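Trainee: here is the input, now give the coordinates:
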Amino acid sequence: MKMIQREYGLCFHTPAFLGNAEQSGQWRTPPFKAQLRQWWRVAYAASKGFRPDEARMREEEGGLFGNAWLDDSFSKSRVRIRLEHWNDGGLPKNRWTPLDRVTHPEAPGAAADLYLGYGPVVLPRGERTPTLKANAAIQAGEASTFAIAYPDEGAPLIEQALALMDQFGTVGGRSRNGWGSYSLKNIDDDIGLPLRPWQDALNFDWPHAIGSDTAGALIWQTQPFADWKAPMKELAIIKIGLRTQFKFPHAQPDGETHERHWLSYPVTRHPVRAWGNNARLPNSLRFKVRPTADGKLAGVIFHMPCLPPAAFSPETKVITAVWQKVHAFLDNQASLTRTRA
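Mentor: Next comes the predicted model:
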């Protein structure tokens, strides 16, 4: 079996919460392996015109990345990933600098880092400023060498997945909110984007494409900033606005399903009776911070639409109406511009 080997420089642009067994920040390969599999599925779906045979896809994925379910046997991964080091993160708790506070109509005085990073970022009882929950995080600017080996026959999809990781990838806790944004240096990312009309994408209940509409790709970008803190604050402001535009009919929870629930679940202080306390609905709107051509950093928002799982009893008409409002909100933000990639 002919193997292709590549090395890329990997650099974080925002702090990353990659917890080890002690829940302390550490460079680790499993999150990047998981990223590669996720974006490989997107590349696979695009290669099939977004009409993949999902059973066949699982077979090919398992044969490439390893599995414990095909033919009742276990197979090792044929893709190998290595990092230059597995060092602890270089950002300890005592060096965490909270981001500026942002206006939130339902939580006055919210700090941007606590809002976007709740969980890895906490507000200790009796304290006024957020800090890290664990001992350390990977600091923005930390870098390593990312080495990968993969079979020659799998190259087209893996190389497309690597390019998508560079453009849109984030890893670790609260990574959908932009934490753990990274780039792969010297990678060929001149690829066609896996775009699909967003309403058609609601035919699947898993993220398989970046959405598009008549105006183009559903990708928005902030202005460039000198460091990561400013775009993260901007992303927090935007997320607060797009969520709180959906008002709950009562101040107290009523246990019913409302529009905001379809963005992501759970929602603080507003549980849905039929979904219970353990249900989880990830947000299909994702954030990233990435470098611009002039060396600054910009926040990026992109939508990977899909229908919520059947357990949520989703109604396509309702889901469509919610996301139409979100897209319109983002299009109307003076601080954002549509971008192709």
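
Trainee: going forward, measure contacts and count neighbours with C-alpha atoms only.
Mentor: OK.

Trainee: need the strands for the stretch 51-200 of the chain, in chain order.
Mentor: Applying DSSP state E, counting those that start in this stretch to the stretch 51-200 of the chain gives strands spanning 80-83, 91-92, 101-102, 110-111, 121-122, 131-132, 136-137, 143-151, 182-185, 195-197.

Trainee: most packed of these?
Mentor: strand 136-137 (a mean of 27; mean count of other Cα atoms under 10 Å).

Trainee: circling back: which of the strands of the stretch 51-200 of the chain has the lowest mean pLDDT?
Mentor: Looking at the strands of the stretch 51-200 of the chain, the lowest mean pLDDT belongs to strand 110-111 (a mean of 90).

Trainee: what helices or strands is that one leaning on?
Mentor: Where contact means 3 or more Cα pairs under 8 Å, 6 or more residues apart in numbering; DSSP states H and E, strand 110-111 is packed against strand 101-102.

Trainee: okay if I get the strands of the stretch 51-200 of the chain as TSV plus distance to Gly276?
Mentor: Below are the strands of the stretch 51-200 of the chain laid out as TSV (distance: least, Cα to Cα, whole Å):
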stretch	distance to Gly276
strand 80-83	39
strand 91-92	36
strand 101-102	31
strand 110-111	27
strand 121-122	25
strand 131-132	29
strand 136-137	32
strand 143-151	41
strand 182-185	35
strand 195-197	32
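
Trainee: nearest to Lys239, of those strands?
Mentor: The closest of these to Lys239 is strand 101-102. By Cα to Cα, the value is 11.0 Å.

Trainee: what lies in contact with whatever helix or strand Val322 lives in?
Mentor: Using DSSP states H and E, Val322 sits in helix 316-331. Here helix 316-331 makes contact (Cα atoms under 8 Å, 6 or more residues apart in numbering) with 199, 202, 218, 220, 242, 259-260, 262-263, 307, 336-338.

Trainee: 7 Å instead, please
Mentor: Leu242, Glu259, Trp262 (Cα atoms under 7 Å, 6 or more residues apart in numbering).

Trainee: tell me how far that helix lies from the chain's centre.
Mentor: Between the centre of helix 316-331 and the centre of its chain there are 19 Å (Cα atoms, centre = their mean, to the nearest Å).

Trainee: so what touches the helix or strand following that helix?
Mentor: Next helix or strand after helix 316-331 toward the C-terminus (DSSP H and E): strand 337-338. The contact list for strand 337-338, computed with Cα under 7 Å, 6+ apart, reads Ile219, Trp220, Gln221, Thr222.

Trainee: now stretch 118-131 - C-alpha only, PDB.
Mentor: Below are the C-alpha coordinates for stretch 118-131, written out as PDB (Å, rounded to 0.1, in the frame of the first residue of the first chain):
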ATOM      1  CA  TYR A 118     -18.900  28.700  29.500                       C
ATOM      2  CA  GLY A 119     -17.700  25.400  30.900                       C
ATOM      3  CA  PRO A 120     -13.900  25.700  30.200                       C
ATOM      4  CA  VAL A 121     -14.300  29.300  31.400                       C
ATOM      5  CA  VAL A 122     -16.000  29.800  34.700                       C
ATOM      6  CA  LEU A 123     -16.900  32.500  37.200                       C
ATOM      7  CA  PRO A 124     -15.900  31.200  40.600                       C
ATOM      8  CA  ARG A 125     -18.400  31.800  43.400                       C
ATOM      9  CA  GLY A 126     -17.800  35.300  44.900                       C
ATOM     10  CA  GLU A 127     -15.500  36.400  42.100                       C
ATOM     11  CA  ARG A 128     -16.200  39.200  39.600                       C
ATOM     12  CA  THR A 129     -14.000  38.100  36.700                       C
ATOM     13  CA  PRO A 130     -14.000  34.800  34.800                       C
ATOM     14  CA  THR A 131     -11.100  32.400  34.800                       C
END
